[in-house]
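Student: Give me coordinates for this.
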Amino acid sequence: MAESNADKHNADSNQDAKQIIDGILADAREEAETIRSEAKSRVEDRRMLLSGRVQRVKDDAVSEAKKRIEEINRRTDAEISRAQRRNELARRRDVLAAVQQRAREQIVEMSREGSDAYRQAMIGWIAEGALGLEGTELTVSAAAGETALLGELLEEAQRIAREVGDRNVTLTAAGEPHGGSPGVVVSSPDGRTLYDNRVDSRIRRHETEIRRLVYEILFTDGDGGAAGAGTAGGDGGESGDGG
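Tutor: Predicted coordinates:
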């Protein structure tokens, strides 16, 4: 009977121990599950954080790349525009130079031929020079090949200068031809003031007008506006260039 009670006591003790162990194991499993869940959550949070950082880096890289591409495109467009402008200006200069050269060649040819149109032009240049200077005694010089022609034209030019200027101006042919291109130089007897109507000088004085006409004809879209700005320059006036 005593053994039976002892066996029962042992069985109860074992059952209590098993329950305690089971409880400990259950708590351990629950704790482990909690740890695993928290670790998994931390890992996921870390992954999302890293993913966000990676995405921001990617976005920043894409944005920076776009900015650089836009800057490159802007610089490229600006350089193309500048190159086109340089080419256009060079083309205009070439055309203007060609027109001026052609004008010189035509006038030189007219001078050689002694055409009536050139004779009338010289008369006008002489009278213009006389009217542009003060004084009543003026000297007129021509290019080397035009001295004979000058003598034929002085009287008519003098008549025009007197009528237009309303003063009794007297024009005298210079003893020596001037240097340079065809045309005339009207000067005071002492040579201190002069009016240079040689062809090259006239072309330079009229360069603004020539440029405007050339650009209107060749470089405008038909609205009548000039395609380029001219340089300063006037028509006529006294000059110190008598050589």
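Student: show me the contacts for residue 123.
Tutor: 153, 156-157, 160 (CB atoms under 8 Å, 6 or more residues apart in numbering). Placement of C-beta: from N, CA and C, glycine included.
Student: Which is the succeeding secondary structure element to the biggest helix by length in the chain?
Tutor: Looking across the chain with DSSP state H, the single longest helix is helix 2-113. For helix 2-113, the following helix or strand on the C-terminal side (DSSP states H and E) is helix 116-132.
Student: Pull out the buried residues from that following helix.
Tutor: 118-119, 121-123, 125-132 (16 or more other CB atoms under 10 Å).
Student: what's the angle from that helix to helix 2-113?
Tutor: 100 degrees (axes from the mean of the first three to the mean of the last three CA atoms, to 10 degrees).
Student: So what are the sheet partners of the helix or strand following helix 116-132 and their directions?
Tutor: Going down the chain from helix 116-132, the next helix or strand is strand 137-142, by DSSP H and E. Using DSSP bridges, strand 137-142 pairs in its sheet with strand 170-173 (parallel), strand 183-187 (antiparallel).
Student: and the next element down the chain from the last one?
Tutor: With elements assigned by DSSP H and E, the helix or strand that comes after strand 183-187 is strand 194-198.
Student: average pLDDT for that next one?
Tutor: Strand 194-198 carries an average pLDDT of 90.
Student: So that it lines up with my notes, have the first residue be 761 from now on.
Tutor: Let's use 761 as the start, then, which means that last one is strand 954-958.
Student: Give me the helices and strands touching that strand, please.
Tutor: Contact partners of strand 954-958 among helices and strands, from 3 or more CB pairs under 8 Å, 6 or more residues apart in numbering; DSSP states H and E: helix 876-892, strand 943-947.
Student: Reformat the ones you listed as a markdown table; add distance to residue 928.
Tutor: As requested, the helices and strands packed on strand 954-958 are arranged in a markdown table below (distance: least, CB to CB, whole Å):
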| stretch | distance to residue 928 |
| --- | --- |
| helix 876-892 | 11 |
| strand 943-947 | 16 |
